[in-house]
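**Q** Dropping a prediction and its sequence here:
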Amino acid sequence: MSFLSPATRTTLMIRSFGFMKIPLLWACRPKVVNIDSQSCVVKIAHRRKTRNHEEGLYIAALTVGAELAAGILAIRHMGIGKGKKFIYKDFHANYLKRAEDDVFFTCGDGELLKQLSARAKQTGERQNLTVNVTATVPSKLGEEPVATFVLTLSIKDETGEC
């Protein structure tokens, strides 16, 4: 699968994981639009299964997008495997406008997550970091946020592998 872009590979991985383990994730059909060591952009399409009766994205779909944008970036730096664990300790959201089209979730805290991962590997202890995610609807509002999220990510790496 080396002919696929990193974003496409990550999208396939997430959708497979959602199909096997998390039905809500599968139903939202997230797409990784861009990923590199500094940032991750995830798109949740505005479609029948993700929108509410007011034509905005469900809060659950917005939450999925925010979690993924930060989580995918953390996994990119931390890796996956036995002894590598992450959870969210808290989640704060500010909903600013109705999301009436495809929503793009951006987390740009890659460098901080890289440092957090290194600290977790070095100490073997649980490490926490507050990350920020911004949701936009470029087709309707340009770069104006429809929601902002602050999540505390808690990771632990019991492997000690660098």
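**A** Structure's in. What do you need?

**Q** Report pLDDT for Gly56.
**A** Listed pLDDT for Gly56 reads 89.

**Q** Let me see the contact set for the nearest residue to it once chain neighbours are set aside.
**A** Distance criterion CB to CB, 6 or more residues apart in numbering; nearest residue to Gly56, sequence neighbours excluded, is Arg98 at 4.0 Å. In this view, the C-beta of every residue, glycine as well, is placed from N, C-alpha and C. Arg98 makes contact with Glu54, Glu55, Gly56, Val146, according to CB atoms under 8 Å, 6 or more residues apart in numbering.

**Q** which among the residues you listed end up buried?
**A** The neighbour count (16 or more other CB atoms under 10 Å) marks Gly56, Val146 as buried among those.

**Q** Inside helices: which ones of the contacts of Arg98?
**A** Counted as lying in helices by DSSP state H, out of these, is not a single one.

**Q** ok, the contacts of Arg98 vs Asn94, which is closest?
**A** Val146 (9.9 Å; CB to CB).

**Q** for the chain, what spans make up the strands?
**A** Taking DSSP state E to define them, one finds strands in the chain at 31-35, 40-44, 84-95, 103-107, 127-136, 145-157.

**Q** Could you count how many residues lie near Ser5?
**A** For Ser5, the count of nearby residues is 11 (other CB atoms under 10 Å).

**Q** what about it, distance to Val32?
**A** 9 Å (CB to CB, to the nearest Å).

**Q** Can you point out the buried residues in the helix ranked longest in the chain?
**A** Scanning the chain for the helix with the most residues, using DSSP H, yields helix 59-78. The neighbour-count check on helix 59-78 (16+ other CB under 10 Å) flags 61-78 as buried.

**Q** average pLDDT across that helix?
**A** On average, helix 59-78 scores 93.

**Q** Out of the strands of the chain, flag the one nearest Leu116.
**A** Of all the strands of the chain, strand 127-136 sits nearest to Leu116, with 4.6 Å by CB to CB.

**Q** Give me the angle between the closest one and strand 145-157.
**A** Counting by axes from the mean of the first three to the mean of the last three CA atoms, to 10 degrees, strand 127-136 lies at 160 degrees to strand 145-157.

**Q** what sits up against strand 127-136?
**A** By CB under 8 Å, 6+ apart, the list of residues contacting strand 127-136 from outside reads 62, 65-66, 69-70, 73, 89, 99, 103-109, 112-113, 116, 119-120, 142-156.

**Q** ok, and the closest non-adjacent residue to Ile155?
**A** Phe86 (4.3 Å).
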